[in-house]
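K.L.:
show me how the following folds:
(chains A and B)
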Amino acid sequence: MHIEPVVRGLVEGLLVDDQHDVAVDETAAILVRKIESMPGLIRFGMRMLLTVFDWYSLLRGGRRFRNSGLNKQRARIREWATAPLGPCRDMVEFHRKMGAFVALSIEYGDHP
Amino acid sequence: MKRMDCDTLVVGSGPGGASTAALLAEAGRDVVLVEEGQRLSIDSSPDHSLAQMDEKWRSGGLTAALGSPKVTYIEGRCVGGASESNAGLYHAPISDVIDGWAADFKIDGFGADALAPFLDSVVQEIGVSSRPGGYSPASERLAAGADAMGWRWAEIERFWRYDQGGGERAVGHRRSMSETMVPRALAAGARLLAGTRIDKLERSGRRVTAGLGWTQDESGEAIRLRIDCKRVVVCAGAIQTPRLLRNSGWSHVGDGLTLNPMVRIVARFPEPVNVPAFGVPVVQIEEFKPAMTLGCSYSAPPHLAMWLEGSPAVVRKNLEDWQRMAVFYVKVCGQGAGTVRTMPVFGDALVRYRTHADDFRVLGEGLSRLSSALFAAGAEEVHSPLPGEAALTSASQSDSLKDVLTSRNASLSAIHLHSTVRMGEDRRRCGADSYGRLYGADNVYVNDSSLLPTSPGVNPQGTILAIARRNVLRWLDEQ
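P.N.:
Numbers count the residues shown, from 1 in each chain, chains lettered A, B, ... in the order given. Presented below is the predicted three-dimensional model:
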């Protein structure tokens, strides 16, 4: 499965607000590259989680995550951020923390 | 297939491997030093940057020990290993810890007094210094907080050389392995193979006859590699060393992984404290070592954003004041333990770590102490490490951090990993003898952080370098 649309949705849902621009496409592309460089088992797990997350939104909201509007995407992210299963929470945490690091690195440069 | 031969094959070029290669080569041994990562200049990418993560850390810095919770960690993967990108903090080992290792693990010829001359040599040869012109404002706040609480603190020296006359903005130069021991090894005749991975050691009974793996040809294509050798020294770090040894049939290594779990918080002050040009803050609160270290992290906006909780708008609002904010950490001597195993399908190490229940309490205690010190130093806000929690606004709220961490909500990371091939004569608990010779093998040695019997409770690079030097000089004496 192509994970970039799901990662892109996570970046938008987790990092975008009304007042600030975020380099969503560039951030998502770098995150996908980071995922592809993970150790094999962790990479496999992350791809599986992203796939399940994408289809979970279809069950919960009628559309896959990648095709959902921003509000529904944020609702699905909130559900997984507080899910009983650790790997679900870890998936959201990874995209929030690493996404913030990448997006701000793009915005501020490496040394402000 | 490319074929080579040598007297001694050294796998891994971090502090242990680079020292080993240099000392053996200078003693006239024919050494091949193998490093999986690339050979890069020390300033090929800015410190603490995304580019540095990609260039110099294994898997772009996204490695984790599985468990509840997972613990993220980093491994260097370039010529010079972690010394190319870490803070380079030099801390002499704690005498009681070193003497305790000697007694508990029955390490011959070891102890604080016995290790001292090797530490002196490391300091002299590589270079350790303090930052001229004082330290960063964030470090000053941490020191002021410690003073106000009546706690000991110290400026930690670094493996660093500062320019004369650089003043308070002196950046200086990292005294990493690629700047020190690797050039020495090459000058003494060692051959360096970067971009080369040893996957397995070929055995004939108890003896290794060759290292098998892959390297790159002139066009960058991966080709298989065989290096025939008389002895092997494995220095690939606490994860990759046991992975290679287990993959080669020594299944008694890879248990007992220790690490130092860390949590971070962000504090805001009334005045600017965050000056990234100062580099890594160098003040640590010493009062609770070795059980607990309180310190300050590099805190450029991308780093702050990682550790600020809240909605995107809240994080952005906070970042408008980034010069007034800094990231601080609590690091503890973890009481948990982990394992390193090989993964036949994926080819990576499978790392698992079980955080001890008491570690959450100690980390929480550390957060509470750190928060108290930061408020005593004038902080106006301390941000909770947990999502959905309001920022603390007074010292009296610091106690609320004591019990906040659980296996469900803690976001733990670690920088220092050790103890997967512990040294000592206690064969039930140790993978190698008192000088790093692998049990069950005649010509295989280990000489890196894997040998440390437990977490040393301080930044370990100086200890690793001293032990590596001690072991090599012993091997040369024996030969």
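
K.L.:
let me see the contact set for the most centrally placed residue in chain A.
P.N.:
Most central in chain A under Cα atoms, centre = their mean is residue A:10, positioned 3.0 Å from the mean C-alpha point. Going by Cβ atoms under 8 Å, 6 or more residues apart in numbering or on different chains, residue A:10 touches A:73, A:77, A:92, A:95, A:99. To be clear about C-beta, it is placed using only N, CA and C from the backbone, and glycine gets the same treatment.

K.L.:
what about the second one, how many neighbours?
P.N.:
As a burial measure, the neighbour count of residue A:77 was computed by other Cβ atoms under 10 Å in any protein chain shown and equals 22.

K.L.:
the strand or helix carrying the residue nearest to the centre of chain A: how far from the chain's middle?
P.N.:
Here residue A:10 sits within helix A:4-15, counting by DSSP states H and E. Centroid separation between helix A:4-15 and its chain, computed with Cα atoms, centre = their mean, to the nearest Å, is 4 Å.

K.L.:
after it, which helix or strand is next?
P.N.:
Heading C-terminal from helix A:4-15, the first helix or strand you meet, by DSSP H and E, is helix A:24-36.

K.L.:
where exactly do the strands run in the stretch 251-400 of chain B?
P.N.:
With DSSP state E, counting those that start in this stretch as the criterion, the stretch 251-400 of chain B has strands at B:255-259, B:262-268, B:283-285, B:292-296, B:325-332, B:337-342, B:349-354, B:381-383.

K.L.:
and chain A, which of the ones you listed is closest to it?
P.N.:
For chain A, the closest of the strands of the stretch 251-400 of chain B is strand B:349-354, at 6.4 Å, according to Cβ to the nearest Cβ.

K.L.:
now the closest one against strand B:337-342, angle please.
P.N.:
In terms of direction (axes from the mean of the first three to the mean of the last three Cα atoms, to 10 degrees), strand B:349-354 departs from strand B:337-342 by 160 degrees.

K.L.:
strand B:349-354: which residues count as buried?
P.N.:
Judged by neighbour count (16 or more other Cβ atoms under 10 Å in any protein chain shown), strand B:349-354 contains these buried residues: B:349, B:350, B:351, B:353, B:354.

K.L.:
with stretch B:238-252 instead?
P.N.:
Within stretch B:238-252, the residues that count as buried by 16+ other Cβ under 10 Å are B:238-248, B:250, B:252.

K.L.:
about what we covered before: who wins for neighbours among the contacts of residue A:10?
P.N.:
For those, the largest number of neighbours (other Cβ under 10 Å) sits with residue A:95, at 28 neighbours.

K.L.:
would you agree that residue is in contact with residue A:9?
P.N.:
No. Using Cβ atoms under 8 Å, residue A:95 makes no contact with residue A:9, being 9.6 Å away.

K.L.:
show me what from chain A comes close to chain B.
P.N.:
Taking Cβ under 8 Å from any Cβ of the partner chain as the criterion, chain A approaches chain B at residues A:14-20, A:30, A:33-35, A:37-42, A:44, A:81, A:86, A:90, A:93, A:97-98, A:100-105, A:107-108, A:110-112.

K.L.:
and the nearest residue to residue B:50 once chain neighbours are set aside, how many neighbours does it have?
P.N.:
Beyond its immediate neighbours in the sequence, the residue positioned closest to residue B:50 (Cβ to Cβ, 6 or more residues apart in numbering or on different chains) is residue A:105, lying 4.6 Å away. Look at residue A:105: counted by other Cβ under 10 Å, it has 24 neighbours.

K.L.:
retrieve the pLDDT associated with the residue nearest to residue B:444 when sequence neighbours are not counted.
P.N.:
Spatial nearest neighbour of residue B:444, chain neighbours left out: residue B:438 (4.3 Å); criterion: Cβ to Cβ, 6+ apart. Reported pLDDT at residue B:438 in the predicted model: 98.

K.L.:
same deal with residue A:11?
P.N.:
Listed pLDDT for residue A:11 reads 97.

K.L.:
same question, the one 5 residues further on
P.N.:
If you check residue A:16, the pLDDT there is 91.

K.L.:
for it, list the residues it contacts.
P.N.:
Contacts for residue A:16 were tallied using Cβ under 8 Å, 6+ apart; they are A:22, A:24, A:70, B:312.

K.L.:
the third one: neighbouring residues, count only.
P.N.:
Okay, so that is residue A:70. Residue A:70 is flanked by 11 other residues according to other Cβ under 10 Å.

K.L.:
please apply the same query to the first one.
P.N.:
As a burial measure, the neighbour count of residue A:22 was computed by other Cβ under 10 Å and equals 23.

K.L.:
separation between it and residue B:203?
P.N.:
Taking Cβ to Cβ, to the nearest Å as the measure, residue A:22 falls 53 Å from residue B:203.

K.L.:
now do residue A:5
P.N.:
Using Cβ to Cβ, residue A:5 is found at 48 Å from residue B:203.

K.L.:
which parts of whichever strand or helix holds residue A:89 are buried?
P.N.:
Secondary structure assigned from DSSP H and E places residue A:89 in helix A:86-108. Of the residues in helix A:86-108, those buried under the neighbour-count criterion (16+ other Cβ under 10 Å) are A:86, A:88-105, A:107-108.

K.L.:
same check on stretch B:7-18?
P.N.:
Residues B:8, B:9, B:10, B:11, B:12, B:13, B:14, B:15, B:16, B:17, B:18 are the ones in stretch B:7-18 that count as buried (16+ other Cβ under 10 Å).

K.L.:
what's the local residue count around the closest residue to chain A within the stretch 151-300 of chain B?
P.N.:
In the stretch 151-300 of chain B, the residue that lies nearest chain A is residue B:276 (5.7 Å; Cβ to the nearest Cβ). A count of neighbours around residue B:276, defined by other Cβ under 10 Å, yields 21.

K.L.:
rewinding a little: and the helix holding residue A:89 with helix A:4-15, angle?
P.N.:
Interaxial angle, helix A:86-108 versus helix A:4-15 (the same axes, to 10 degrees): 80 degrees.

K.L.:
and stretch B:50-69, average pLDDT?
P.N.:
Per-residue pLDDT values across stretch B:50-69 average out to 95.

K.L.:
which two of the contacts of residue A:16 have the greatest separation?
P.N.:
A:22 and A:70 (12.5 Å; Cβ to Cβ).

K.L.:
leaving out chain neighbours, which residue sits closest to the closest residue to chain B within chain A?
P.N.:
Among the residues of chain A, residue A:40 lies closest to chain B, at 2.9 Å counting by Cβ to the nearest Cβ. Excluding its sequence neighbours, the residue lying closest to residue A:40 (Cβ to Cβ, 6+ apart) is residue B:346, at 2.9 Å.

K.L.:
isn't the one you found up against residue A:42?
P.N.:
No. With contacts counted by Cβ under 8 Å, residue B:346 stays clear of residue A:42, the gap being 9.0 Å.

K.L.:
more neighbours: the two, which one.
P.N.:
For residue B:346 versus residue A:42, the count of surrounding residues by other Cβ under 10 Å is larger for residue A:42: 22 against 14.

K.L.:
distance check, the more buried one against residue B:59.
P.N.:
Plainly put, residue A:42 is 8 Å away from residue B:59 if you go by Cβ to Cβ.

K.L.:
what of residue B:294?
P.N.:
Going from residue B:294 to residue B:59 by Cβ to Cβ gives 29 Å.

K.L.:
which one's more surrounded, these two?
P.N.:
Regarding residue B:294 and residue B:59, a neighbour count based on other Cβ under 10 Å identifies residue B:294 as having more, with 26 against 21.

K.L.:
tell me who's in contact with that one.
P.N.:
The contact partners of residue B:294, by Cβ under 8 Å, 6+ apart, come to B:142, B:284, B:285, B:288, B:328, B:329, B:330, B:331, B:366, B:369, B:370, B:373.
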